[in-house]
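In: Using only what follows, build the 3D model:
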Amino acid sequence: MSRIAVTSERGVAVGPYSQAIDTGQLVFLSGQTPLDPHTGTLVEGGPGQQTGRCLNNLVAVLSAAGLTTDDVVKCNVYLTDMDDFAEMNRVYASYFAQPPPARTTIAVAGLPLGAHVEIEMVAVRP
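Out: Below you'll find the predicted structure:
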């Protein structure tokens with residue numbers, strides 16, 4: 001099995017991990033928090049704005065792997081407050097064609113830098 005790191009300047013990694021690992025058929029994208037890739041700081045705004053930033057960061061990593069959101073088969077969403085679910089869901093839905101990928105949404109006690117949301121993905125090469 002191959003194991004190739006995928007990196008995008010518009011994605012963000014703030015620790016000892018790869019933005020994504022390409023195994024040849026499956027591409028596993030690490031969780032992205034809503035960090036501005038130019039400043040490395042948390043974006044201002046609520047869960048909707050932060051969801052958009054997470055997804056934009058992930059789309060950049062997908063693009064670096066030669067993929068799009070149409071290739072995504074699974075997402076995991078981590079929210080610090082389930083009251084933010086509807087706002088996150090509204091923004092999230094705008095990034096995917098039908099049928100959307102499978103998804104799990106989990107409430108967590110906290111995320112780095114006080115983020116409201118973190119999202120990770122798994123994509124499959126066509």
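
In: where along this protein do the helices fall?
Out: 47-64, 85-93 (DSSP state H).

In: right, so of those helices, which gets closest to L111?
Out: Nearest to L111, of all these, is helix 47-64, at 9.6 Å by Cβ to Cβ. Placement of C-beta: from N, CA and C, glycine included.

In: Give the other helices and strands that that closest one contacts.
Out: Here helix 47-64 is seen to pack against strand 20-22, strand 26-32, helix 85-93, strand 117-124 when contacts are counted using 3 or more Cβ pairs under 8 Å, 6 or more residues apart in numbering; DSSP states H and E.

In: Could I get the ones you listed in JSON lines, plus columns for distance to M1?
Out: Listed next are the helices and strands packed on helix 47-64 as JSON lines, based on distance: least, Cβ to Cβ, whole Å:
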{"stretch": "strand 20-22", "distance to M1": "10"}
{"stretch": "strand 26-32", "distance to M1": "10"}
{"stretch": "helix 85-93", "distance to M1": "30"}
{"stretch": "strand 117-124", "distance to M1": "15"}
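
In: in stretch 91-110, what's buried?
Out: 91-92, 95, 101, 105 (16 or more other Cβ atoms under 10 Å).

In: now stretch 17-31
Out: 18-22, 27-31.

In: returning to that earlier point: which one of the helices of the chain is the most hemmed in?
Out: helix 47-64 (a mean of 22; mean count of other Cβ atoms under 10 Å).

In: In this structure P37 contacts A60, no?
Out: Yes - under the criterion of Cβ atoms under 8 Å, P37 makes contact with A60 at 7.3 Å.

In: Give the residues shared as contacts by the two.
Out: Common contact partners of P37 and A60 (Cβ atoms under 8 Å, 6 or more residues apart in numbering): 9-11.

In: Which of the residues you listed scores worst on pLDDT?
Out: Looking at the shared contacts of P37 and A60 by pLDDT, the weakest one is G11, with 72.
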